[in-house]
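S.K.: 3D model of this:
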Amino acid sequence: MFKPVQMRKIRVLVLDHYLDRVMKVLGRLRSVQITRIMEEDIEPISREKISDYSHILNRISHLIDVLKIRDKEIKKVPIDEKSSEEYMSDIENMVIEIEKEVIPISEKLKRIVEEKNILKDDELALNCLDRIGVDVKWLGTSDFLYTTAGFLDLDKIEELESLIWEKTEEKCLILKKLFQDRFSVVIVTLKEYQNDVEGVLKGLNFDILEPREKNLREVRERLKLIKETEEGLQRDLNKIGDERFKDLLVAREIVQIEKNTQEIMLNFGKTDRIYVIEGWIPTKDVDDLVEEIENASKGYVVIRIYKPKPDENVPVLLQNPKIFKPFESITNMFGLPSYTEIDPTPIMAVTFPLIFGLMFGDVGHGFVLALAGLGLITLKKGNKSLWNFGMILLYCGILAMIFGFLYASVFGNEKILSNLYESWGIGRTYTIAGGETLRALWRIPSHDIEYMIGIALFVGVLHMGVGLIVNAVNNVHEKGFGTIVHSLSKIWFFCGEVTIIASLFKFKIPFFQDIARMYPLIGAATLTETILNPILLFGIYIPVGLMLMSELIHGLQQFSIKKLFGLLGEGLFEIFETFSMLLSNTISYSRIAILAVIHAMMCLAIYEIAGIEAISDIFILSILIIAGGNILVLVLEGLIVFIHTIRLHFYEWFTKFYSSGGIEYTPFRIERKYTQLSDQGE
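M.R.: Numbering: from 1, shown residues only. Purely as a prediction, here's the structure:
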């Protein structure tokens, strides 16, 4: 927790005779992320085998498609451990055997289907002509006439008639009949107008009927015969599929595994008889891997284990307790931490629901969110993304319920819990319009806005303060203890800045407002008293001086006046940038209070509308407005609050310490759904 899993670099030199066995070990253990060998004296692996695997994989996939074989659950088939060449030879022979059965039937079926489609078109055309009462023999040109037939969209029929009458000087006959969703049309005119008529038809996208067969009865008899033949051929293919589906699924899996393995092997290096493998492995898995590789290679192997160097890109595998795991999905949205960084997920697993609950505090709404989260967890166990989202919703819903009890809000109604707290004699009392009183265990946001803004800013200070502390730890880990003065001075400076905000703007930020009252910045007798105010002296001047001193010590390796002023300028600019960034980020947390108030006011508006006399007299209408309004608040504002919670973490918090430059740990693995090696019991 807080740090990615420790990794070690592994380098394996193995004889070519044992490479297949070693690859099977790597695929089965799923613990090594292979990296590419980039050494001049070691030649890369050839891609020749991959094309062979791709070719036979395409042939197997074609057979599976032709036989209409679908992935299905079967008992895993035990297979003997063999070399890649032996596997491929056996599979090649099996594929040839199946192809001899399938391809002749498939090709005949293809020809039959093509003929059926042609005859179907002819049947449609002849049937259409028959309904109009036109003999197919009349189509085409004769000594004096030109006759054509086809289909036309409904909205173009008037344009067709107008243009044909115009082009043929009204020397034509047009027959039309509604056929399904189009008009079937027959046009008869003098032969001399053929070209003009064809031009009009082309412009209107006229679908001309050109049946190859002339006898409708013969066409239907042929289609009946084709159907019987097609069904017989399909039965033959189904029979082969039932007999060979397991063989083909197993073969596809084996070839896919071998192809994936060959693609991974492109990262290896090779000498005459030695293969060189490099990769990253979690430290805890090193001993098991070494033992397995040595057994598989019968000792004909050299294995070296190295600690990561500072400049190496080490893959990152997060290790968090299951309760925090769902929040890794939010961390990954921003980017993985680098190998040397602190993982923010455990902290965010606490702060994310807390900030969400502050903004969305309501017992009823929180309960619905928690219920929705439980639903996703229960129904989507196999879907990791939805399971994670369900868990996050559950946590956020629980915190929303907790703050709902503190705010005395149940589906936006502040009177239910208020009456309960009053009967128990607990909570803070608020007097509202009309002399009515409300009680809350803590505060009611809509009736205590100033206090809530102070709390929101205090949460922001704590949140960003944690980020600055994490940044200090990261800097010490990466650059050494020489950075500690600058990092701590920055935190000190931030506290001074917050105190100034509390003093100038009168924000009720806990702890900081007390210091601001003790040493007010406004109202001093002289300018000197203001300049020497303890808040500025101890909160700004001293930490700024320490930050500048730290910059000068680290930057002035060789003294020069020019370099001194350059470093001072850079340091002052950085301090100004830090001041403005921390100021804007701190104020940004006021959205916590603003959204909490908006949530309360939206709910209040719903109940006010439902309480209007004209509406409240209609009980069902009043209930519908309350229910619909709460659904709107739950969905719309819930989404807005969720987005703002993410924003506060990504832009106000992560920017203080998080570089997110990590590379995901993706170990080589062999996935088996249909097969298992004979020596692997299950």
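
S.K.: contacting residues for the nearest residue to residue 355 once chain neighbours are set aside?
M.R.: Of all residues not flanking residue 355 in the chain, residue 645 sits nearest, at 5.2 Å (Cβ to Cβ, 6 or more residues apart in numbering). Placement of C-beta: from N, CA and C, glycine included. By Cβ atoms under 8 Å, 6 or more residues apart in numbering, residue 645 lies in contact with 352, 355, 356, 359.

S.K.: mind running it again at 7 Å?
M.R.: The contact partners of residue 645, taken as Cβ atoms under 7 Å, 6 or more residues apart in numbering, are 352, 355, 356.

S.K.: In a markdown table: those, plus pLDDT.
M.R.: Below are the contacts of residue 645 laid out as a markdown table (pLDDT from 0 to 100):
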| residue | pLDDT |
| --- | --- |
| 352 | 97 |
| 355 | 97 |
| 356 | 97 |
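
S.K.: Tell me the one among those nearest to residue 489.
M.R.: Nearest to residue 489 among the contacts of residue 645, counting by Cβ to Cβ, is residue 355 at 27.5 Å.

S.K.: Mind checking which of the contacts of residue 645 land in helices?
M.R.: Of the contacts of residue 645, the ones assigned to helices by DSSP state H are 352, 355, 356.

S.K.: Now restrict those residues to buried residues only.
M.R.: 352, 355, 356 (16 or more other Cβ atoms under 10 Å).

S.K.: so which of these comes closest to residue 59?
M.R.: For those, the residue nearest residue 59 by Cβ to Cβ is residue 352; the value is 51.2 Å.

S.K.: distance of that closest one from residue 359?
M.R.: Using Cβ to Cβ, to the nearest Å, one gets 11 Å for the distance from residue 352 to residue 359.

S.K.: go on, residue 445?
M.R.: For residue 445, the distance to residue 359 (Cβ to Cβ) stands at 9 Å.

S.K.: swap in residue 399?
M.R.: Look at residue 399 and residue 359: by Cβ to Cβ, they are 10 Å apart.

S.K.: So between the two, which is more surrounded?
M.R.: Between residue 399 and residue 359, counted using other Cβ atoms under 10 Å, the more crowded position is residue 359 (28 against 23).

S.K.: isn't that one right next to residue 592, touching?
M.R.: Yes: Residue 359 is in contact with residue 592 according to Cβ atoms under 7 Å; the separation is 5.4 Å.

S.K.: count of residues packed around residue 627?
M.R.: By other Cβ under 10 Å, the residues close to residue 627 number 13.

S.K.: Contact partners for the residue nearest to residue 297 when sequence neighbours are not counted?
M.R.: Leaving aside its sequence neighbours, residue 297 sits nearest to residue 18 (Cβ to Cβ, 6+ apart; 4.0 Å). Residue 18 makes contacts with 296, 297, 298, 300, as judged by Cβ under 7 Å, 6+ apart.

S.K.: residue contacts, the last one?
M.R.: This means residue 300. Counted by Cβ under 7 Å, 6+ apart, residue 300 has contacts 14, 15, 18.

S.K.: I'd like to know which of those is nearest to residue 580.
M.R.: Closest to residue 580, out of all of these and judged by Cβ to Cβ, is residue 14, at 58.0 Å.

S.K.: Report the beta-bridge partner residues of that closest one.
M.R.: Legend: beta-bridge partners of residue 14 under DSSP bridges are residue 275, residue 301.

S.K.: any idea which helix or strand comes after the helix or strand bottoming out on mean pLDDT in the chain?
M.R.: Within the chain, confidence by mean pLDDT, DSSP states H and E is lowest for strand 43-44 among all helices and strands, at a mean of 60. Per DSSP states H and E, the first helix or strand lying C-terminal to strand 43-44 is helix 48-66.

S.K.: ok, back up a step: any residues in contact with both of residue 445 and residue 359?
M.R.: residue 596.

S.K.: Quick one: the strands in the stretch 251-400 of the chain, in order.
M.R.: Listed in chain order, the strands of the stretch 251-400 of the chain (DSSP state E, counting those that start in this stretch) span residues 269-270, 274-282, 301-306, 315-316.

S.K.: lowest-confidence stretch among these?
M.R.: Looking over the strands of the stretch 251-400 of the chain, mean pLDDT reaches its minimum on strand 269-270, with a mean of 85.

S.K.: That one: how far from the chain's middle?
M.R.: 37 Å (Cα atoms, centre = their mean, to the nearest Å).

S.K.: ok, now stretch 235-253?
M.R.: For stretch 235-253, the distance from its own C-alpha centre to the chain's C-alpha centre is 36 Å (Cα atoms, centre = their mean).

S.K.: tell me which residues of that stretch are tucked away?
M.R.: For stretch 235-253, the neighbour count (16+ other Cβ under 10 Å) marks 236-237, 240-241, 244-245, 247-253 as buried.

S.K.: so can I have JSON lines of those showing secondary structure?
M.R.: Below are the buried residues of stretch 235-253 laid out as JSON lines (DSSP: H, G, I helix; E, B strand; the rest coil):
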{"residue": "236", "secondary structure": "helix"}
{"residue": "237", "secondary structure": "helix"}
{"residue": "240", "secondary structure": "helix"}
{"residue": "241", "secondary structure": "helix"}
{"residue": "244", "secondary structure": "helix"}
{"residue": "245", "secondary structure": "helix"}
{"residue": "247", "secondary structure": "helix"}
{"residue": "248", "secondary structure": "helix"}
{"residue": "249", "secondary structure": "helix"}
{"residue": "250", "secondary structure": "helix"}
{"residue": "251", "secondary structure": "helix"}
{"residue": "252", "secondary structure": "helix"}
{"residue": "253", "secondary structure": "helix"}
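
S.K.: Let's have those in CSV, adding pLDDT.
M.R.: Putting the buried residues of stretch 235-253 into CSV (pLDDT from 0 to 100) gives the following:
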residue, pLDDT
236, 94
237, 94
240, 94
241, 92
244, 92
245, 91
247, 92
248, 94
249, 93
250, 93
251, 94
252, 94
253, 93
